[in-house]
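In: Next comes the sequence, and after it the predicted model I'd like to discuss.
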Amino acid sequence: MIEIKNLNKIFGTRQVLYDFNAIFEPGQCNLIIGQSGSGKTVLMKCLVGLLQPTSGGVYYAGTDFTKASESEKKRIRQEIGMVFQGGALFDSMTCEENVAFPLRMFTNWNKNQISDRVKFCLDRVNLSHAFKLYPAEISGGMKKRVAIARAIALNPKYLFFDEPNSGLDPQTGIVIDRLIMEITREFNTTTIVNTHDMNSVVEIGDKIFFICNGHKHWQGDRTNIVSSSNKELIDFVFATGLLKRVQNTF
Amino acid sequence: MLVARSFSRSPKPAIMRQLIVREIDNLGIGSLFIVCIISFFMGAVISIQMAAQIDTPLIPMYTVGYGTRETVILEFSPTVIALILAGKVGSNVASEIGTMRVTEQIDALEIMGVNSANYLVLPKIIASVLINPILTIISMALGIFGGYLACTLTGLLDATTYLYGATLDFKTFHLVYALIKSFVFAFIISSISAYRGYYVDGGSQEVGQASTRAVVNSSISILLWNFILTRLLLL
């Protein structure tokens, strides 16, 4: 479980996050939604330790990550898997080597054990044919799947996804969404997804947090998001012409 | 700060060894061809120019071999080759690390709990300080050999006279001085370039700018340290 308590983040004179509180449960897909520039990425970077919050705490199973010692941070980080917007695969390594990377760095497994685990992870994301391919040789959707395979290699407790569907066609986006959902259930991970893709919201949003201008404006799930009376949320959810027509129809 | 961070929290020794070997291949062996070509022809040109300047019988012709050797060992091989490597290796290091920064690969390393400075920067520094003195020695040998071939093949000088000059009054300390310089310059090139790449903020344009800054900053630092080391070691 991850708990955020009164998180604030200020860059210079500009406050980006205001007193953010949230609890992310294991086995659930927790979605953070909001417009571009609303503070989603800053929140995620504070959660994984890439940014230091100005005040407040981020608790991983009771341990405050923001105040943890270097060794504690290292231990917690090894329980975190993260999939970046562009995949962030290492260009100089094949897909197989990318997935094997955390295993080589943090385990004392022999070559066969690493190879078995890599095979399992790549099979799990349906990429058993891409072992020897380099990131430059695969599509955007495949890169995301390799990044997911790398993220689950060490059996993480916490999984973070930053805009997992950006740059993907809707069908591939659904494949990624389902994969995120399946992995969350299968490995009982605490999954946090940054997105502004409404399809992801209705597909995998077990718990949804809506951020607007750095404030948490709404919290709920995929069953009650469309019936919310929060004006900012409704403007965000029904932003496209197509969705507005659907809203008017019902 | 970056260099200090790069020396802390290392991965397993076997992984570090692999990284260093890869960087020796990438930064050192990959530069061998250009170092050889430039050294050979520069040695040849230095000897011809020197021979052309001697227009009085008061200066013996073996001075060509002597002068070529001293020029190549004292200045050309350690300094000029370092400036060339600042262009080739410096831009390579800055753009490689810079691209990793803008494509979030460095963030990915950090989140995994890997000390990215140690993983990316230290192998490049170690590889550079190991391979640069070797490249310098190869450059010295080829520069002197280039002078020999230029003189003998064009008939400016016979082989015996050139070799007499090239071996005359050889001071081992000059070789040590050159190697100290090449060691320091290697550290300058790899650390400044890594710093420029590591702290890139933006996109591909900024990576290009970082690469240019890496070359400019490394070159100026090399010239400055060349002056300081020469003053400290030779006088």
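Out: That came through, no problem.
In: how many neighbours does residue 54 have?
Out: Just so you know, I chose chain A. Residues near residue A:54, counting by other C-beta atoms under 10 Å in any protein chain shown, number 14. (Glycine included, C-beta is placed from N, CA and C.)
In: other chain: chain B
Out: Residues near residue B:54, counting by other C-beta under 10 Å, number 16.
In: now do residue A:23
Out: Residues within reach of residue A:23, counting by other C-beta under 10 Å, total 14.
In: I'd assumed it was in a helix, is it?
Out: No: counting by DSSP: H, G, I helix; E, B strand; the rest coil, residue A:23 is not found in a helix; it is strand.
In: So residue B:181 sits against residue B:229, correct?
Out: Yes: contact criterion C-beta atoms under 8 Å: residue B:181 and residue B:229 qualify, at 5.5 Å.
In: quick one, which of those two is more surrounded?
Out: Between residue B:181 and residue B:229, residue B:181 has the larger neighbour count (other C-beta under 10 Å), namely 25 against 17.
In: what's the spacing between the more buried one and chain A?
Out: Using C-beta to the nearest C-beta, to the nearest Å, residue B:181 is found at 31 Å from chain A.
In: Stretch A:186-202: end-to-end distance?
Out: 20 Å (C-alpha to C-alpha, to the nearest Å).
In: residues of it that come out buried?
Out: Within stretch A:186-202, the residues scored as buried using 16 or more other C-beta atoms under 10 Å in any protein chain shown are A:187, A:189-198, A:200-201.
In: Now tabulate the residues you listed in a markdown table and tack on secondary structure and distance to residue A:40.
Out: Shown next, in a markdown table, are the buried residues of stretch A:186-202 (DSSP: H, G, I helix; E, B strand; the rest coil; distance: C-beta to C-beta, whole Å):
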| residue | secondary structure | distance to residue A:40 |
| --- | --- | --- |
| A:187 | helix | 24 |
| A:189 | coil | 20 |
| A:190 | strand | 17 |
| A:191 | strand | 15 |
| A:192 | strand | 10 |
| A:193 | strand | 10 |
| A:194 | strand | 5 |
| A:195 | strand | 8 |
| A:196 | coil | 8 |
| A:197 | coil | 12 |
| A:198 | helix | 15 |
| A:200 | helix | 13 |
| A:201 | helix | 13 |
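In: out of the residues you listed, which touch chain B?
Out: Among the buried residues of stretch A:186-202, not one lies near chain B by C-beta under 8 Å from any C-beta of the partner chain.
In: if I pick residue B:19, what's in contact with it?
Out: By C-beta atoms under 8 Å, 6 or more residues apart in numbering or on different chains, the contact set of residue B:19 is B:119, B:123.
In: From residue B:233, how far out is the closest residue to residue A:22 other than its chain neighbours?
Out: Closest residue to residue A:22 apart from its sequence neighbours, by C-beta to C-beta, 6 or more residues apart in numbering or on different chains: residue A:4 at 4.7 Å. Distance, residue A:4 to residue B:233, using C-beta to C-beta, to the nearest Å: 58 Å.
In: which of those two has more neighbours?
Out: Using other C-beta under 10 Å as the criterion, residue A:4 and residue B:233 rank with residue A:4 on top: 22 against 14.
In: Who does the helix or strand hosting that one pair with, and is each partner parallel or antiparallel?
Out: Taking DSSP states H and E as the definition, residue A:4 sits inside strand A:2-11. The strands beside strand A:2-11 in its sheet (DSSP bridges) come out as strand A:14-24 (antiparallel), strand A:55-60 (antiparallel).
In: and it with strand A:190-195, angle?
Out: 40 degrees (axes from the mean of the first three to the mean of the last three C-alpha atoms, to 10 degrees).
In: contacting residues for residue A:28?
Out: A:184, A:190, A:191, A:206, A:207.
In: Quick check: residues of chain A near chain B?
Out: Residues of chain A lying near chain B (C-beta under 8 Å from any C-beta): A:48-50, A:70, A:73-75, A:77-78, A:80, A:82, A:84-86, A:88-91, A:101-102, A:104-106.
In: if you look at those, which of them are in strands?
Out: The strands, defined by DSSP state E, take in A:80, A:82 from the residues of chain A next to chain B.
In: which of the residues of chain A next to chain B count as buried?
Out: Buried among the residues of chain A next to chain B by 16+ other C-beta under 10 Å: A:48-50, A:73-74, A:77-78, A:80, A:82, A:84-86, A:88-90, A:101-102, A:104-106.
In: Same list (the contacts of residue A:28) but as a markdown table, adding distance to residue B:185 and pLDDT.
Out: Conversion of the contacts of residue A:28 to a markdown table gives the following (distance: C-beta to C-beta, whole Å; pLDDT from 0 to 100):
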| residue | distance to residue B:185 | pLDDT |
| --- | --- | --- |
| A:184 | 52 | 92 |
| A:190 | 50 | 94 |
| A:191 | 50 | 94 |
| A:206 | 58 | 90 |
| A:207 | 57 | 92 |
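In: Let's have the strands paired with strand A:2-11 in CSV, adding mean pLDDT.
Out: Putting the strands paired with strand A:2-11 into CSV (pLDDT from 0 to 100) gives the following:
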stretch, mean pLDDT
strand A:14-24, 93
strand A:55-60, 93
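In: how about these in TSV, adding distance to residue A:138?
Out: Output for the strands paired with strand A:2-11, formatted as TSV (distance: least, C-beta to C-beta, whole Å):
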stretch	distance to residue A:138
strand A:14-24	31
strand A:55-60	32
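In: Relative to residue A:58, how far out is residue A:236?
Out: 25 Å.
In: From residue A:146, how far off is residue A:101?
Out: Between residue A:101 and residue A:146 the distance is 11 Å, computed by C-beta to C-beta.
In: same thing with residue A:186?
Out: Residue A:186 is 18 Å from residue A:146, where distance means C-beta to C-beta.
In: that older thread, out of the strands paired with strand A:2-11, which comes closest to residue A:39?
Out: strand A:14-24 (4.9 Å; C-beta to C-beta).
In: centre of the chain versus the closest one, how much separation?
Out: Here strand A:14-24 is found 17 Å from its chain centre; the criterion is C-alpha atoms, centre = their mean, to the nearest Å.
In: What lies in contact with it?
Out: By C-beta under 8 Å, 6+ apart, strand A:14-24 touches A:1-10, A:30, A:39, A:42-43, A:46, A:53, A:56, A:190, A:192, A:207, A:209, A:211, A:214-216, A:219.
In: Okay, now the unreliable bits of chain A?
Out: Filtered on pLDDT under 70, chain A yields the residue ranges A:239-250.
In: And the residue of it that's closest to chain B?
Out: In chain A, the residue that lies nearest chain B is residue A:77 (3.6 Å; C-beta to the nearest C-beta).
In: so what's that residue up against?
Out: A:48, A:49, B:110, B:111, B:112, B:113.
In: Quick check: phi and psi on the second one?
Out: When read as degrees, to the nearest 10, the backbone of residue A:49 gives phi 90, psi 10.
In: Tell me who's in contact with it.
Out: A:65, A:66, A:73, A:77, B:110, B:111.
In: same thing but 10 Å
Out: Residue A:49 makes contact with A:58, A:60, A:65, A:66, A:68, A:73, A:76, A:77, A:80, B:110, B:111, B:113 under the criterion C-beta atoms under 10 Å, 6 or more residues apart in numbering or on different chains.
In: Return the distance of the third one relative to residue A:237.
Out: In this case it means residue A:65. From residue A:65 across to residue A:237, the span is 31 Å (C-beta to C-beta).
In: Can you tell me the centre-most residue of the chain?
Out: Looking at chain A here, since you left the chain open. Most central residue of chain A, judged by C-alpha distance to the mean C-alpha position with C-alpha atoms, centre = their mean, is residue A:161 at 1.8 Å.
In: wrong one, chain B
Out: residue B:82 (3.0 Å).
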